[in-house]
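Student: sequence isn't available, so here's the structure alone:
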């Protein structure tokens with residue numbers, strides 16, 4: 001059968017694939033979108049970004065955590081809550097989001113195919129029907145351009161039994177049928193830390209095991225320490241400089257972990273969050289003249305073009321930063337280049353990270369450690385949620401905003417936020433950074449009252465005072 005022809009064939013319907021397909025279709029190109037799973041959305045909608053964040057919000061509501069902090073009373077439902085109760089909202093959010101994306105794909109005319117795609121020639125992929133599904137023989141698609149956006153999957157260390165009903169990875173964790181009393185989280189990265197916070201809020205006894213000695217070391221050190229302290233205050237237990245040598249997981253009874261120190265840990269279930277690896281197996285890259293590098297990733301140029309000019313790649317398959325937001329932007333750039341449309345030429349060099357722990361933390365720009373290493377003379381301004389009217393209203397006593405400015409001209413260099421709505425609040429700082437703004441802009445701005453946004457004005461004033469009126473700054477510090 002003669003292959004069907006398209007201007008762009010997109011392989012993978014996660015955040016990158018969806019963004020690239022929709023962009024190219026909006027430019028009037030004929031687009032095919034191939035996804036091996038029966039549902040679209042990848043980790044963004046189905047197993048990672050949205051589900052985990054929805055679960056976090058549900059945990060906060062059902063656990064009564066915010067109510068206890070604000071009113072001083074325990075409104076917790078965790079003694080009676082069932083798994084179905086806290087997964088219902090997660091499933092509703094996935095269903096609604098998926099329906100919205102499907103509608104957008106249909107409106108712009110993207111043609112969808114379900115099955116595993118494999119290059120069989122430089123300009124042809126074969127799409128094999130899913131096992132047990134309908135569709136008969138494999139079909140072939142010819143593309144003028146291709147976008148590989150197949151994402152990543154969790155790494156499964158050999159110490160842990162694959163497929164055990166009480167040993168999960170981050171893609172399977174939401175398949176649980178019973179809430180464990182004791183949970184071990186292997187890995188204190190972003191995914192492990194987020195799930196540790198969520199299950200702790202739901203009343204689980206949570207143990208985090210990691211071979212490192214600090215939490216999320218890419219954060220500004222002050223915020224790494226503060227986040228760990230808050231998570232510990234809420235009940236999460238960290239086991240630093242420890243690795244799992246063996247995992248004994250019988251059909252019944254406790255799962256026992258043997259640690260490198262000689263200690264053992266008995267839990268009801270284990271979440272392995274030990275990193276992810278790119279999904280490139282079975283793509284037939286050799287047929288198009290491509291290969292992954294030593295880290296198992298596809299290499300691209302600034303326009304997300306591989307060394308084969310008509311093949312682009314975006315998202316987790318190219319590595320850092322592996323953020324859904326950035327992955328989508330990468331794919332839009334690739335679509336613009338492939339379609340020869342000068343709408344978007346590059347991805348913004350300044351982008352925030354958002355970590356949905358409890359409390360949440362977000363940052364953009366330089367850390368204090370980076371500025372010291374580079375020899376940049378800077379000044380910091382801090383504003384605490386507890387001294388902000390909105391912070392007091394919502395009951396956040398531990399929240400903090402820190403702004404870092406270059407000393408000579410008070411231009412903003414870094415923004416770090418921990419506390420309620422941190423992942424939203426960081427964007428004020430991000431836009432100030434993008435526009436080259438500084439302390440004067442934040443001091444001049446007028447924010448609604450009472451709002452957490454006013455923390456920016458407070459922190460900017462404090463930084464200015466620290467630079468120009470050091471005696472006053474010391475008096476303020478003593479009065480904190």
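Tutor: Arrived safely, thanks for sending. Nothing here was measured: the structure is a model prediction, and the numbers come from that model.

Student: where does this protein have low pLDDT?
Tutor: 62-86, 130-136, 472-473, 475-480 (pLDDT under 70).

Student: how close does residue 459 get to residue 437?
Tutor: For residue 459, the distance to residue 437 (Cβ to Cβ, to the nearest Å) stands at 14 Å. Placement of C-beta: from N, CA and C, glycine included.

Student: those two: who's more crowded?
Tutor: residue 459 (26 against 17; other Cβ atoms under 10 Å).

Student: quick check: that one vs residue 417, distance?
Tutor: For residue 459, the distance to residue 417 - Cβ to Cβ - is 10 Å.

Student: joint contacts of those two?
Tutor: By Cβ atoms under 8 Å, 6 or more residues apart in numbering, residue 459 and residue 417 have these common neighbours: 401, 402.

Student: the residue nearest to residue 261 when sequence neighbours are not counted: what's it in contact with?
Tutor: In space, and not counting its chain neighbours, residue 261 is closest to residue 242: 5.8 Å by Cβ to Cβ, 6 or more residues apart in numbering. When contacts are counted by Cβ under 8 Å, 6+ apart, residue 242 touches 209, 210, 211, 259, 260, 261, 263.

Student: list phi and psi for the first one.
Tutor: Which is residue 209. In terms of degrees, to the nearest 10, the main-chain angles of residue 209 are phi -110, psi 130.

Student: list the beta-bridge partners for it.
Tutor: residue 186, residue 239 (DSSP bridges).

Student: what does the helix or strand where residue 382 lies rub up against?
Tutor: Using DSSP states H and E, residue 382 sits within strand 378-384. Strand 378-384 is contacted by residues 368, 371, 391, 399-407, 410, 413, 439, 455-456, 458-464, 466-467, 480 when judged by Cβ under 8 Å, 6+ apart.

Student: and the helices in the stretch 251-400 of the chain, which stretches?
Tutor: Counting by DSSP state H, counting those that start in this stretch, the segments of the stretch 251-400 of the chain that form helices are 285-288, 324-338, 368-374, 389-394.

Student: list the buried residues in the first one.
Tutor: The neighbour-count criterion (16 or more other Cβ atoms under 10 Å) identifies 285, 288 as the buried residues of helix 285-288.

Student: elements contacting it?
Tutor: Other helices and strands packing on helix 285-288, by 3 or more Cβ pairs under 8 Å, 6 or more residues apart in numbering; DSSP states H and E, are strand 116-121.

Student: how much does the following helix or strand past the strand it packs on deviate in direction from strand 116-121?
Tutor: Using DSSP H and E, the next helix or strand after strand 116-121 towards the C-terminus is strand 124-128. With axes from the mean of the first three to the mean of the last three Cα atoms, to 10 degrees applied, the angle from strand 124-128 to strand 116-121 works out at 150 degrees.

Student: strand 124-128 pairs with which strands, and in what direction?
Tutor: With DSSP bridges as the test, strand 124-128 is paired with strand 116-121 (antiparallel), strand 139-148 (antiparallel).

Student: and among these, the most buried is which?
Tutor: strand 139-148 (a mean of 22; mean count of other Cβ atoms under 10 Å).

Student: strands paired with the helix or strand just after that strand, and their directions?
Tutor: Moving toward the C-terminus from strand 139-148, the next helix or strand (DSSP H and E) is strand 152-154. Paired strands of strand 152-154, with direction, are strand 276-278 (antiparallel) (DSSP bridges).

Student: just give me how far the partner strand sits from the chain centre.
Tutor: From the chain centre to the centre of strand 276-278 is a distance of 14 Å (Cα atoms, centre = their mean, to the nearest Å).

Student: ok, residues contacting that strand?
Tutor: Here strand 276-278 has contacts from 150-155, 170, 292, 296-298, 316-317, 319, 322, using Cβ under 8 Å, 6+ apart.

Student: related to what we said a few turns ago, single out the most deeply packed of the helices of the stretch 251-400 of the chain.
Tutor: helix 324-338 (a mean of 24).

Student: tilt between that helix and strand 139-148?
Tutor: Going by the same axes, to 10 degrees, helix 324-338 makes 110 degrees with strand 139-148.

Student: ok now do residue 299, which residues does it touch?
Tutor: Neighbouring residues of residue 299 by Cβ under 8 Å, 6+ apart: 293, 306, 307, 318.

Student: what about the residue lying closest to residue 254 once chain neighbours are set aside, how many residues close to it?
Tutor: Excluding the flanking residues, the one nearest residue 254 by Cβ to Cβ, 6+ apart is residue 266, at 4.1 Å. Applying other Cβ under 10 Å, we find 13 residues neighbouring residue 266.

Student: that older thread, can I get the helices of the stretch 251-400 of the chain in JSON lines including distance to residue 234?
Tutor: Shown next, in JSON lines, are the helices of the stretch 251-400 of the chain (distance: least, Cβ to Cβ, whole Å):
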{"stretch": "helix 285-288", "distance to residue 234": "45"}
{"stretch": "helix 324-338", "distance to residue 234": "26"}
{"stretch": "helix 368-374", "distance to residue 234": "25"}
{"stretch": "helix 389-394", "distance to residue 234": "16"}
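
Student: out of those, the one nearest residue 222 is which?
Tutor: Residue 222 sits nearest to helix 368-374 of all the helices of the stretch 251-400 of the chain, at 7.0 Å, using Cβ to Cβ.

Student: got a quick ChimeraX command for the buried subset of the contacts of strand 378-384?
Tutor: ChimeraX command restricting those to the buried ones, with burial defined by 16+ other Cβ under 10 Å:
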select :368,371,391,399,400,401,402,403,404,405,406,410,413,439,455,456,458,459,460,461,462,463,464,466,467
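
Student: inside strands: which ones of the contacts of strand 378-384?
Tutor: 400, 401, 402, 403, 404, 405, 406, 413 (DSSP state E).

Student: please enumerate the helices of the stretch 51-200 of the chain.
Tutor: Using DSSP H, counting those that start in this stretch, the helices found in the stretch 51-200 of the chain span residues 65-71, 83-108, 190-201.

Student: buried stuff in the longest one?
Tutor: By neighbour count with 16+ other Cβ under 10 Å, helix 83-108 contains the buried residues 86, 87, 90, 93, 94, 97, 98, 101, 102, 105, 108.

Student: OK, contacts around the third one?
Tutor: Pointing back at residue 90 there. 51, 54, 55, 58, 174.

Student: which ones are touching residue 188?
Tutor: 196, 208, 209, 210, 212, 215, 216, 238.

Student: what's the ChimeraX syntax to select whichever of those are buried?
Tutor: Listed next is the ChimeraX selection for buried residues among those, using 16+ other Cβ under 10 Å:
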select :196,208,209,210,215,216,238
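
Student: among the contacts of residue 188, which one sits closest to residue 32?
Tutor: residue 216 (39.1 Å).

Student: got the domain ranges for the chain?
Tutor: Domains of the chain are assigned by automatic domain parsing as 4-154+277-338, 167-274, 359-478.

Student: dump the ones you listed to a markdown table, plus distance to residue 348.
Tutor: Below are these laid out as a markdown table (distance: least, Cβ to Cβ, whole Å):
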| stretch | distance to residue 348 |
| --- | --- |
| domain 4-154+277-338 | 7 |
| domain 167-274 | 19 |
| domain 359-478 | 7 |
